[in-house]
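Colleague: pasting the sequence and the predicted coordinates here, then a few questions.
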Amino acid sequence: MPTLWLIVIVLILAAVGYVAGRQRSLSSVDGDVRRLHSLPSFYGWNAALWALLPALLALVAWQVMQPVVLNLSTQPMLELDAAQPGALGLAMADVRRVADGLDLAVQTGLMSAEGARGIAPEEVRAQLGGMGIALGSDVTPQTLAAAQHYRGWADVGQWLETALVLLLSVGGLALAWRATNAEFRARNSVERVARWALIAAACIAILTTVGIVLSLIFNTIKFFGLYPASEFFFGTTWSPSFGGSSSLGILPLLWGTLYISFVALVVAVPIGLFSAVYLSEYASPRMRALVKPALEILAGIPTIVYGLFALLTVGPVLMSVFGQGGVLGVTWMGGGTAVMTAGLVMGIMLIPFVSSLSDDIINAVPQSMRDGSLGLGATPSETVRQVVLPAALPGIVGAILLAASRAIGETMIVVLGAGAAANLSLNPLEAMTTVTAKIVSQLTGDADFSSPEALVAFALGMTLFVITLGLNVFALWIVRRYREQYE
Amino acid sequence: MYDAKLDERVTTMDDIKISARGVQVWYGDTHAIKDVDVDIADRTVTAFIGPSGCGKSTFLRCLNRMNDTIDSARVEGTILLDDENIYDKRVDPVQLRAKVGMVFQKPNPFPKSIYDNVAYGPRIHGLARNKAELDDIVEKALRRAALWNEAKDRLQAPGTGLSGGQQQRLCIARAVATEPEVLLMDEPCSALDPIATAQVEELIDELRENFSVVIVTHSMQQAARVSQRTAFFHLGNLVEYDVTDRIFTNPSDPRTESYISGRIG
Amino acid sequence: MTDFTSAGGEAVELRRGQSLLTVDRKTRRRNAAEGRFKVYGLIAISIALVMLVILLVTIVVRGIPAFTQTFVSLDVPLRAEVLDPDGTGDPEVIRGVMTFGYAPLIEEALADAVAETGVQTEIDAAALVQMLSSGVAADIRDRVQENPELVGETVTIEVLASSRADGYFKGRVTRESLERDRNLSPAHLDVLDAMRDAGIVSIHFNWDFVWGADASESRPEEAGIGVAMIGSFFMMLVVLVLSLPIGVAASIYLEEFAPKNRFTDLIEVNISNLAAVPSIVFGILGLAAFIQFAGLPQSAPLVGGLVLTLMTLPTIIISTRASLKAVPPSIRDAALGVGASKMQSVFHHVLPLAMPGILTGTIIGLAQALGETAPLLLIGMVGFIASNRPDGLAEGLLSPNSAMPAQIYEWAKRADPAYYERAWGGIIVLLLFLLAMNLIAILLRRRFERRW
């Protein structure tokens, strides 16, 4: 039975459970609601949940486990050369495609069930091809045998699954039905389930982190199995070639990342900080009411827009100044994409980030501190420079670190604005590339993760994750300690 | 014991330092100070008393134009300091505040070292020509604030690490280091324990040798102990202003009497 | 006491005698520094605002042309001897005629139109067709297949001009730039000018840009953002359906039920850190977990939606918790006081009161997700032509599609500058959506804001 139908049946059983539970609770007290422990609907929900939850959990578990078990039992039949890392995956994909194709053929009536079971290896490709299922190569007897094995057990598995799920659903329903009487604490039982559901939702945050870490770690380990870690971390050239013999040193990428982030911070920090100081210490309420939302617009613009702005506007403008035939008459810039291009635009993007964080932090400095300084005859700017900013310094450092982490992890601006060449150079007008840009270029449009050239993206991702996580944890810690100081 | 001290120190009003006429203050639509006239003598401690929200702190903040820092505040009338109107357009509040220093209700040392806290005013006003002079100023100020003995060995320690009473004395040292002519104190002891309060009160009494001190206080006992003249504020009005002794023994206004005897406040 | 009069004495004495009404030199210098400091602040704010204005003006100026397109109005003779030689009228026969068969008809129609303007040109009919989009034949073929009875008649059809011709009228293409162009020559432009004067060529609003599908690299004039918009819509659907209940449930647990212990701390730390993890890392997660491990299809809006859900959840949880916190404890106490269970007090009283704030936060989270690009690149929502409009929910979620920001990226990467115009135009569409969402959020906040 298809999974979808199974779910529908379980849902129907749950609905039946709701009505039945409600009825039984009412009839157990002859319709006198006051004698029930909980409202009748709680009894209904209780029965419905009993019919639903165990069955659905079993269904999900089965769906996850069945392919794994099937793969493990089918693999030995293929007698593969274990030395080739990608071969197993490809062969299994073939087996599954043949099996699915045969299933489809039976389903659509093009083949009888017996015909599909008895088909000869050399006919498979032609037969399935006729139905629009393309197979890459002729089917070997081995593959066909594996596919038939796969089909057979998938069939059995499906039947077992259906039986188990229905049994659990009906069984749960029966249990709940039996437990339903006036003394049964249905509300507590339902609320316990609701509480667990809430906890499960809260745990998604942990699961996400675990998911990120696992997906990075496994593929990174796989990568280091194919490419030496020392060359990855200390190599100074980056030149992947899918034919093999790539140099995959991360240093040029890290250099590009840090250089661009540095340029961005040089733009964003002074502008953001001075804006925040002016807005919190000098600006009239009306000016604040106008400027702050305007800065927030800058923060709400998607990064793809900034990327396009870098590629199509800032790059050409810089070229017309520093490039060939430019205003300065110099040829310092070879193309529109450069560290400067990406850095400037990223700086603009970070201005509202720095200014709003700094604004919060400056406002957290108590007014009494300002009064103390002004009362001594200090000018507002002396107060800001010598009292407010030093007091806010830890918080501002935290804000800058958060901005740095943003800059390091930013993708679209560098993909479009920084260039593709990995360079270890000091010239800010030269094209360089970053960790994020290379993750994109190594993984885009490629689903085969067996070559070091693709797997390296996970190692890059891992590096990026560790760096930004470290910066974030440190910065959040600083900011929290700073806030506690004035609470 | 306090009575004896008071008698001998009652001064005449010949030497007027600050003279306020027709002062009105609004916070937005709230009329906080209503037509207050007051003369404050030099080298005297003047106390402002009254129930909470009566406007005494607001009036105090007018005397060095601290109300300028609040956007919604509006001040009318004239306040003369040595016969010059401090609300004149030509007056720079920065210069004014160097002459009229202020100590606040809650100790508010800057997050700097003790030394830098005290040296802050002299530095911004350029009172010292070199490091040695600055050291002298800091030491003198700390001695005047009776903090020198406790702080001399840890001048580079952060000011925020001191106890509450010490912090307030540090703030007083910070204020006197700029050599103001008038020292305004806004409930300087309200955040302190009795022992620290006694120390600060003693200090105030000594400060009057050199400064005109104006102190806002909630505590009538404190006003009686430290001040020579007392002004009683009620609902934004200056109800009565006289020699401290007379205010507490023989008030002329019934409102003053009810406040002093504890019926309002 | 020691005598301290020397220290700072002179300066103080000087000041004591000085009038308040004259500003001394030192104060003047300090005030000048004050003024300079203020100016720095103003400069900083001006730079930020000027950048914002430049950015917005650039987007509008360069994006607006994408919404109009150059059309050529042609009287195309749908000759029966070409399309249906045996006169069967059988749709199957007509379907058998490839676009190639329509080419002569279009050439003829165009030549007639040019002759009508009276302009003299040396370009032959086959080369004149370069002025039209190469998709015109397919377009006419589709129309004929829909209405086979048109065969034999002459119909007036508005067809797309080629992107070069379009660019000429929009000022993107100049005569100089065409000297070395293989597709169009300056001589074509004379013809186009004449046709424009004759009213055969016109420029007007092009709905196909807003609702249409992407087109191949060589046909920018046909490309539209409509299908990508549908992709974005399905992704947002997934994000909304998943992140709102999960986010609210997680927030309720953390704000109302969670005991203060290490496990709760762990969740809190995770949420605040996930909010700052670079979006590209979520893309890697999506690729490894949903596509590599779970075997979901590449380029599917469902996967995009799942990734964006995980990315938006922290934002939604943080804002939801803020609105739950804003509900005063007295409401909870009141409900508990009449004998409601904790769960009932939360779901009957606290949650409804916090709902406007939660919805505002959710909309802002959705707006963020709508503009996010980087993770979509990794799960394969770029690099192909998103051409099929899905019919139905399942296909919308599972069949390969693009999304608005990914489509913009795709266009920005293509070589033909005509696609840059479309990328800017796509940005306008995207920003209009974001603007609308933020306005709704602001209105919600204004309308339901409650002061306790």
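Modeller: Everything's here; your move.

Colleague: which residues touch the residue of the stretch 151-265 of chain B found nearest chain A?
Modeller: In the stretch 151-265 of chain B, the residue that lies nearest chain A is residue B:178 (6.0 Å; CB to the nearest CB). No exception for glycine: its C-beta is placed from N, CA and C like everyone else's. When the contact criterion is CB atoms under 8 Å, 6 or more residues apart in numbering or on different chains, the partners of residue B:178 are A:376-377, B:98, B:101, B:121-122, B:125, B:127.

Colleague: please name the nearest non-neighbouring residue to it.
Modeller: In space, and not counting its chain neighbours, residue B:178 is closest to residue B:121: 3.6 Å by CB to CB, 6 or more residues apart in numbering or on different chains.

Colleague: just the pLDDT for the one you found.
Modeller: Model confidence at residue B:121, expressed as pLDDT, equals 91.

Colleague: for it, what are its contacts?
Modeller: For residue B:121, the residues meeting the contact criterion (CB under 8 Å, 6+ apart) are A:376-378, B:98, B:101, B:127, B:174-175, B:177-178.

Colleague: so which of the residues you listed is the closest to chain C?
Modeller: For those, the closest approach to chain C (CB to the nearest CB) belongs to residue B:127, at 4.1 Å.

Colleague: quick one: secondary structure of that closest one?
Modeller: For residue B:127, the reduced secondary structure class is coil; criterion used: DSSP: H, G, I helix; E, B strand; the rest coil.

Colleague: unless I'm mixing things up, it is touching residue B:140, no?
Modeller: No: checked against CB atoms under 8 Å, the pair residue B:127 and residue B:140 is beyond contact range at 11.2 Å.

Colleague: so where do the helices sit in chain B?
Modeller: Listed in chain order, the helices of chain B (DSSP state H) span residues B:2-9, B:56-62, B:93-99, B:114-125, B:131-144, B:148-151, B:164-177, B:194-207, B:220-226, B:244-249, B:254-260.

Colleague: now render these as a markdown table, adding distance to residue A:158.
Modeller: Output for the helices of chain B, formatted as a markdown table (distance: least, CB to CB, whole Å):
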| stretch | distance to residue A:158 |
| --- | --- |
| helix B:2-9 | 99 |
| helix B:56-62 | 82 |
| helix B:93-99 | 85 |
| helix B:114-125 | 79 |
| helix B:131-144 | 87 |
| helix B:148-151 | 84 |
| helix B:164-177 | 76 |
| helix B:194-207 | 82 |
| helix B:220-226 | 89 |
| helix B:244-249 | 98 |
| helix B:254-260 | 91 |
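
Colleague: and the end-to-end length of stretch A:316-333?
Modeller: With CA to CA, to the nearest Å as the measure, stretch A:316-333 spans 11 Å from end to end.

Colleague: average pLDDT for stretch C:78-96?
Modeller: Regarding stretch C:78-96, the rounded mean pLDDT is 78.

Colleague: flag every buried residue along it.
Modeller: Using 16 or more other CB atoms under 10 Å in any protein chain shown as the burial criterion, the residues of stretch C:78-96 that qualify are C:78-79, C:83-84, C:93-94.

Colleague: so can I have JSON lines of the residues you listed showing distance to chain A and secondary structure?
Modeller: Formatted as JSON lines, the entries for those read as follows, by distance: CB to the nearest CB, whole Å; DSSP: H, G, I helix; E, B strand; the rest coil:
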{"residue": "C:78", "distance to chain A": "33", "secondary structure": "coil"}
{"residue": "C:79", "distance to chain A": "36", "secondary structure": "coil"}
{"residue": "C:83", "distance to chain A": "29", "secondary structure": "helix"}
{"residue": "C:84", "distance to chain A": "30", "secondary structure": "coil"}
{"residue": "C:93", "distance to chain A": "25", "secondary structure": "helix"}
{"residue": "C:94", "distance to chain A": "25", "secondary structure": "helix"}
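
Colleague: between those, which sits nearest chain B?
Modeller: Proximity of these to chain B, judged by CB to the nearest CB, is greatest for residue C:78, which lies at 76.0 Å.

Colleague: surely the closest one touches residue C:155?
Modeller: Yes: judged on CB under 8 Å, residue C:78 makes contact with residue C:155 at a distance of 6.3 Å.

Colleague: lowest-confidence helix or strand of chain B?
Modeller: Of all helical and strand segments in chain B, the minimum by mean pLDDT, DSSP states H and E falls on helix B:2-9, at a mean of 43.

Colleague: so residue 265: helix, strand or coil?
Modeller: Reading this off chain A. With three-state DSSP as the basis, residue A:265 sits in helix.

Colleague: what's the pLDDT at residue A:83?
Modeller: 52.

Colleague: residue A:244 too?
Modeller: At residue A:244, the predicted lDDT confidence score is 67.

Colleague: angle of the one helix or strand residue C:56 maps to against helix B:114-125?
Modeller: Secondary structure assignment for residue C:56, by DSSP states H and E: helix C:25-63. For the pair helix C:25-63 and helix B:114-125, the angle between their directions (axes from the mean of the first three to the mean of the last three CA atoms, to 10 degrees) equals 90 degrees.

Colleague: ok, helix C:25-63 near chain B or not?
Modeller: Yes: judged by CB under 8 Å from any CB of the partner chain, helix C:25-63 comes into contact with chain B at C:26-27, C:30-31.

Colleague: where does residue 195 sit, in terms of helix or strand?
Modeller: By default, I'm working from chain A. Under the criterion DSSP H and E, the helix or strand holding residue A:195 is helix A:186-226.

Colleague: was after chain C, sorry
Modeller: With elements taken from DSSP H and E, the one containing residue C:195 is helix C:186-197.

Colleague: list the buried residues of that helix.
Modeller: So for helix C:186-197, counting by 16+ other CB under 10 Å, buried means C:188-189, C:191-192, C:194-196.

Colleague: and if you look at stretch A:330-340?
Modeller: Residues of stretch A:330-340 classed as buried by neighbour count (16+ other CB under 10 Å): A:332-340.
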